[in-house]
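In: Dropping the sequence and predicted coords here.
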There are 4 protein chains.
Amino acid sequence: MSSNQRFKLFSDPVHGFISVPKNVIMDLVQTPEVQRLRRIRQLGVGHLVFPGAEHTRFNHALGAMALMQDALANLTEKGTPVRPEEQTAALAVALLHDVGHGAFSHTLEHELIEDFSHEDMSRVLLTDLNERMDGALDLALAMFDDTYDRPFFHQLVSSQLDMDRLDYLRRDSFYTGVAEGEVGVQRLLKTMRVHPLSGGADAEVMIEAKGIYAVENFLISRRLMYWQAYLHKTVLAGDELLRGILRRAQTHLDAGPAPDWLQRGSRALLFFLDHDVHADAIETPEVRDHYLQLDDTDVLFSLKQWMRGPDPVLADLCHRFVNRVFLRVRFLSERPDEAQIDAWRADVADWLVAEGLVPRSEAAAAARHYLTLNVSRHTAYDSDEELIGILGRDGTARELSEMADTTTISDLTGFVEKPYVCFPKPVDLELGAVSEG
Amino acid sequence: MSSNQRFKLFSDPVHGFISVPKNVIMDLVQTPEVQRLRRIRQLGVGHLVFPGAEHTRFNHALGAMALMQDALANLTEKGTPVRPEEQTAALAVALLHDVGHGAFSHTLEHELIEDFSHEDMSRVLLTDLNERMDGALDLALAMFDDTYDRPFFHQLVSSQLDMDRLDYLRRDSFYTGVAEGEVGVQRLLKTMRVHPLSGGADAEVMIEAKGIYAVENFLISRRLMYWQAYLHKTVLAGDELLRGILRRAQTHLDAGPAPDWLQRGSRALLFFLDHDVHADAIETPEVRDHYLQLDDTDVLFSLKQWMRGPDPVLADLCHRFVNRVFLRVRFLSERPDEAQIDAWRADVADWLVAEGLVPRSEAAAAARHYLTLNVSRHTAYDSDEELIGILGRDGTARELSEMADTTTISDLTGFVEKPYVCFPKPVDLELGAVSEG
Amino acid sequence: MSSNQRFKLFSDPVHGFISVPKNVIMDLVQTPEVQRLRRIRQLGVGHLVFPGAEHTRFNHALGAMALMQDALANLTEKGTPVRPEEQTAALAVALLHDVGHGAFSHTLEHELIEDFSHEDMSRVLLTDLNERMDGALDLALAMFDDTYDRPFFHQLVSSQLDMDRLDYLRRDSFYTGVAEGEVGVQRLLKTMRVHPLSGGADAEVMIEAKGIYAVENFLISRRLMYWQAYLHKTVLAGDELLRGILRRAQTHLDAGPAPDWLQRGSRALLFFLDHDVHADAIETPEVRDHYLQLDDTDVLFSLKQWMRGPDPVLADLCHRFVNRVFLRVRFLSERPDEAQIDAWRADVADWLVAEGLVPRSEAAAAARHYLTLNVSRHTAYDSDEELIGILGRDGTARELSEMADTTTISDLTGFVEKPYVCFPKPVDLELGAVSEG
Amino acid sequence: MSSNQRFKLFSDPVHGFISVPKNVIMDLVQTPEVQRLRRIRQLGVGHLVFPGAEHTRFNHALGAMALMQDALANLTEKGTPVRPEEQTAALAVALLHDVGHGAFSHTLEHELIEDFSHEDMSRVLLTDLNERMDGALDLALAMFDDTYDRPFFHQLVSSQLDMDRLDYLRRDSFYTGVAEGEVGVQRLLKTMRVHPLSGGADAEVMIEAKGIYAVENFLISRRLMYWQAYLHKTVLAGDELLRGILRRAQTHLDAGPAPDWLQRGSRALLFFLDHDVHADAIETPEVRDHYLQLDDTDVLFSLKQWMRGPDPVLADLCHRFVNRVFLRVRFLSERPDEAQIDAWRADVADWLVAEGLVPRSEAAAAARHYLTLNVSRHTAYDSDEELIGILGRDGTARELSEMADTTTISDLTGFVEKPYVCFPKPVDLELGAVSEG
């Protein structure tokens, strides 16, 4: 390849060609940390509901970086200068912003490490990479931490309208085929502007008034993608099942050393099941290394082994995940009381015995894996986060919800919570008046 | 073409191939009434703001017919039988629902004929066609008039979620490039169901609960297309200009017989300018024939002639339309009082004199064409129209806004009105605090 | 609009947003010469066969300019510096390359002015604009004329792989819905390189070896668009009909002063019918001004008038065009001899008399308008034009057809000619063995 | 779900919504055999070159079934009746045609089982499923075997223009972002016709003459997808690496019982490495069961374990695959002789020693894994297979290459073979004049 090839091209069905500069950015793409993202699907169990949505976090990381290129080009055009080292740092942060995500993304996030946040792990990995690269990511780290004195760079990677969200909404909409989630990414990028703080907004990156409908559509599309894809009932059912499997596996570890058949699964996965790892420990080499070894492959391979193991409950749960025989999810108008839950679980226990899956003596314990309660939550526009600023034609900045036309914004700010129960389809649960849809 | 070719295929960039049955439907497509729709752009002056949006009413009529085919196939799959003659009648109505539209669509609708509605003209033309076709459109007419005893057919062509709206939103979004207007048409069609009337809904065509987000997205996209495309400020400026031109031309007809130079324009257009045609008269052959002769070509050709005519005001206005030198539109927070308008017009009159366009004596009259007031209006979901029914999983039907999740629907029901003023860009109008955006 | 808005955005369904720099380029967009392109459809009569393809030359001109921006950005990335004034000049040429096109594009090109080429007219208009703009287009003109000392700029606007062809193929494929014509425009732009001349290639703009399949696909798509869209039988039928109409109208002018009813049509059109204008005269103000006044509107309006005129042949031909009742086109394996043509015309004359359209005495003359012969021609890759150079990994340049894999290229170089006959569908012409498809 | 829901909808980004009938077809979708296809990527290692192309064989199987629905609907429209049981059988075959594919699709097809063909395994699995379903697939099996007396059903699933090819070309083009591979699937389906055999064609499914350019484009797109995607040099490099890994692992099994560290990998994979399984044995339960247990997960998980194992060569090769540090592929103008290969391998052995990967004594053996030779092969249109028939307007059928316009077809019939060598990038191999690109 001749020396004047300054970019490596990646063909991407969403953004067309993505140009990765052959500098520290391409070096980062080639690290095991970033390559590992190829083995983590963007949507956790979403591909089991939307068969086209097998796309990975690697794909998304490249996409966020590509949008950062577009955003910076647009800001430069509008008079905000960006120095080459800032450009590189910003691309690096966009590429690495989610590098800390683990196997099955959000599904297992809180299952493997207590109090975990993937952002913290991203920071650990960024720091590691920076050391290995002799400080080449110093500026990127400052942007990530929001300590750089041009805060708009931080906002471009972490705010309610950042490159992460723009790429994932566009990409997830594309791959799931949920056309309603389509976002006018280019219009948003073209109407972005860096403006000194004032008015109700607390971010320097603002949207020009003519882009306000695109912002509104973005928030509504995001809300719609939550209810229609990310929090789709069958996705929730898959999430519950996967978490149930890990909890059941853990009961075997709690009882003593891991039996051989359990060890046919992934050691990296067993490490987290066998240790009470807390978020405080993510910087220790042992935790970090095991974390990096763990990806979707490990989880799925383990399930495929355990479905042939001696524990009929674990085997059945694993079979259900592998062959997509999910439990049923029903939304409830309110969270049921304990008596109700106990009554339901008794029904499920009866069914488990009748099916011959477990003897009566073990049915109550097993029923806890087969009937679970949870709550799905979402806010389209979070008024506790950094707010979105709109820049009027007269040069004054106002917060999004203050603008005249956007009467719908106020509705988007409330938290929506939906409790739900997950249980075997054949069990005719008495959901009564609490059920909805 | 061999006899077992039962469809004529049209290649459509929006829906792919459209299959037109080679029966009365293809006969209708070939009538002058329908071919005439090829010469009327779907978006009036919209193509002057969105250069890709030159698509015509012919294109849209075929598209609405194609969606009707999909809708009926889906309803049949769900257990609502459709007889062949009903199928043909429904396709005919979908094809012809807007056949009464005139030159420059909505822009001139109320300018040429007093109290005009294009639906009434569609009915006149449908009746004519039915006579020429010996009653082949009897059933189609009954569906159009909502006198047929299966009212869901009428709802499919005329309701808040009809084939007309589904096609035009999808199509206009496609051609304007306003991605935010994209609607999940297939999801809506796939979740449609015919259900006996009950609950809050007053239409038999309902949407299954799982399609509720698609409905919400549809309403929001429609609202967004109104503000971003149909009522775009520059589109409004074009509309105002075109109406101003016709009013100025009319002043010459009011003054006496049409001068020769004015007659260089279209006679069909002059007919309407020269007569006070009222909607009552649309069935008279003279009115109907002139109406059918008049399309976008006539208007545009007339302007190109008059821009070389002796009236400097008319010539300037025509030049402005032809060469796209529009006046400016500014939205106002409220409609100004007459004193304010007079003051503004005085400024404009001064400018016209300074520009040498008219002598002082004619400036006040001319200023009435150069500074106009108007109001744009839109409701995304009209609670006075037939409401959208949602069919729950339990088989009960409820009106859209009663459903739990759709907190945003209530906002979509209000009329939004925006007064605006239209004036020459170089005039530095004192808009004060009333102006917005 | 604030001063740091350096671009005007146009929403384009094909390329997304197009950024027009607010310098001489935006000034050019606003000239009557360029605005006039809004009234000339890109595909002549193509919209009568592909109802979605109403797109105009204005749309295409913007698109070619946008691709030039991409091409120059890519070349810059690869080490070919482009100075700001070169950038502006190149965008100007891309925008204006086809500004000389007239009403109904290629259909009437040779009908109105003898020996006409639209490129020559583009040059006349470029020169005019340059004078009005005090030489701002000097460099653009040099690029247009290929006298600038960096010839690759000329190749980007005029070669077998120029921005014109890239945009029109992509655009026409998009609007006609002919998916097979889709071209990988971004891949071609990303693999373009400026390289000193050597080997078999005679152009400096070359394609890197890895883009060779994209080039091949481009040539094949172009060939396919010719046969499937540009030279579609029904398009040819429309072309023939339109040219026949002008010839029939001319017979009335040849016979004496234009009768009143004929003058109801466009004066600009009649000017060309009434004068034997030769290409030598396109610089004269009279010719140029009439040419600029003439667009699709004039032609269509004239036809709509003449279809109500006293000449039954002209009226019938005009009615056929306006209401899309085309004649039939049949391809022939070879051009028939005069005796054959005479025999066919006799059949057609009989039919005209039988239909009552003309008396026997006028039938022979009329038949000349109803049965015409012509030949469609196309070469996908013209070995007499500037050839396409491929740049190997080793830095050597070779001509496309020399490259090993592209065994199909040789087939693409031959001229394909298809003679055809055009005649009324009801006439059962004895085409014998000469007919094909 | 109410009883009149006769279809389960799948959202697919390529075809929109796919309707799976809730009969034996939906039962088949829910079998472990079909669900297993979710864990086999369509493009083997292709996702490592095209990061968007993670799509699976499950997705493709649904797509082929959806195209079969469209094809049958079109044929019915054209007068070929299809009975309900034929419809179901045809959908079943389309869904299951590739159910016999194994882990990493074509990459490992010939590596795990000698003389294997995935079609044979598909037949074994179809037979199994048919037994479990009490003969519900009898007709489907007859269509698969081409023993059903309406052979066009077989041609729709297995010919040069079958639903398999139509779906995978469209789908692979979509997910890789290789726009040039786009195929006009709808046009092909719309121009298909069942016609009695005659002329040069030997298949009943024919394409009407007006679809000939779409056929040609299909063949050319297929050829292009081969060279640009399926046989992309980096894809070939990934294939070679994966096969090299399995061969290296096998050396440990050939030497005696599988060591513990090797057994950390997948037992299903080790089964095939440890036994000389021949295609004759695929019906034995042991082989079939292990085959069904084996998917992409097993292979990838095994590599992740072995990269931490004691064999430095296997560890390095596995690391290279997991972290995408591929070897280099260079095409050669002809296959080199053994002396040449030995000389190259000596260079590679030197490099392995210099790198400290192996001691000198093991370098020669290791070099066989690091420098491999192979040949890529492709024919776009195979004149030895069933040929594509074109149905003229006059009702006569001819073989594709006999049709006048398609001068390029003859070029598409030749086998193209490209030998290549695969070796470590840092080794400066003397490729001399034999290398190309």
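Out: On my side now, so go ahead.
In: tell me the pLDDT at the residue nearest the centre of chain A?
Out: Computing the C-alpha centroid of chain A and ranking residues by Cα atoms, centre = their mean puts A:His106 first, at 4.7 Å. Note for A:His106: predicted pLDDT of 84.
In: Quick check: which element contains it?
Out: Taking DSSP states H and E as the definition, A:His106 sits inside helix A:105-112.
In: counting contacts, what elements does that helix pack onto?
Out: Other helices and strands packing on helix A:105-112, by 3 or more Cβ pairs under 8 Å, 6 or more residues apart in numbering or on different chains; DSSP states H and E, are helix A:233-254. Using the backbone N, CA and C atoms, a C-beta is placed for each residue, glycine as well.
In: to the chain's geometric centre, what's the distance from the following helix or strand past the helix it packs on?
Out: Note on helix A:233-254: by DSSP H and E, the next helix or strand toward the C-terminus is helix A:260-263. Taking the mean of its C-alpha atoms, helix A:260-263 sits 30 Å from the chain's own mean (Cα atoms, centre = their mean, to the nearest Å).
In: Next secondary structure after helix A:260-263?
Out: Sequence order places helix A:267-274 as the next helix or strand after helix A:260-263, per DSSP H and E.
In: For that following helix, give me every contacting residue.
Out: Applying Cβ atoms under 8 Å, 6 or more residues apart in numbering or on different chains, the contact partners of helix A:267-274 are A:103, A:112-113, A:246, A:249-250, A:253, A:258, A:262-263, A:290-291, A:293-294, A:298-299, A:302, D:264.
In: got the angle for the helix holding A:His106 vs helix A:233-254?
Out: Between helix A:105-112 and helix A:233-254, the angle comes out at 30 degrees (axes from the mean of the first three to the mean of the last three Cα atoms, to 10 degrees).
In: Next, the angle from helix A:105-112 to helix A:267-274.
Out: Going by the same axes, to 10 degrees, helix A:105-112 makes 50 degrees with helix A:267-274.
In: Not counting helix A:105-112 itself, show me its contacts.
Out: Contacts of helix A:105-112 (Cβ under 8 Å, 6+ apart): A:40-45, A:57, A:101-103, A:116-118, A:238-239, A:242-243, A:246-247, A:272-273, A:277, A:294, A:299.
In: In PyMOL, select just the buried ones from the residues you listed.
Out: Applying 16 or more other Cβ atoms under 10 Å in any protein chain shown to those, the buried members can be selected in PyMOL as follows:
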select buried, chain A and resi 40+41+42+43+44+45+57+101+102+103+116+118+238+239+242+243+246+247+272+273+277+294+299
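In: so where do the strands sit in chain A?
Out: Per DSSP state E, chain A carries strands over the ranges A:7-12, A:16-21, A:192-194, A:205-208, A:328-331, A:372-378, A:389-391, A:397-399, A:416-423.
In: of all these, which lies closest to D:Thr284?
Out: D:Thr284 lies closest, by Cβ to Cβ, to one member of these: strand A:328-331, at 38.4 Å.
In: just how off-centre is that closest one within its chain?
Out: In terms of Cα atoms, centre = their mean, the centre of strand A:328-331 is found 22 Å from the chain centre.
In: and what of stretch A:122-132?
Out: In terms of Cα atoms, centre = their mean, the centre of stretch A:122-132 is found 20 Å from the chain centre.
In: can you check stretch A:43-50 too?
Out: From the chain centre to the centre of stretch A:43-50 is a distance of 12 Å (Cα atoms, centre = their mean).
In: Give me the buried entries from the contacts of helix A:267-274.
Out: A:103, A:112-113, A:246, A:249, A:258, A:262, A:290-291, A:293-294, A:298-299, A:302, D:264.
In: looking at chain A, which helix or strand is least sure?
Out: The helix or strand of chain A with the poorest confidence is helix A:409-412; it has a mean of 66 (mean pLDDT, DSSP states H and E).
In: What distance do you get for A:Glu355 to chain C?
Out: Distance of A:Glu355 to chain C, given as Cβ to the nearest Cβ, to the nearest Å: 51 Å.
In: And that residue, how close does it get to C:Ala279?
Out: A:Glu355 sits 89 Å away from C:Ala279, going by Cβ to Cβ, to the nearest Å.
In: Give me the more crowded residue out of the two.
Out: Set side by side, A:Glu355 and C:Ala279 show more neighbours around C:Ala279, with 15 against 12, by other Cβ atoms under 10 Å in any protein chain shown.
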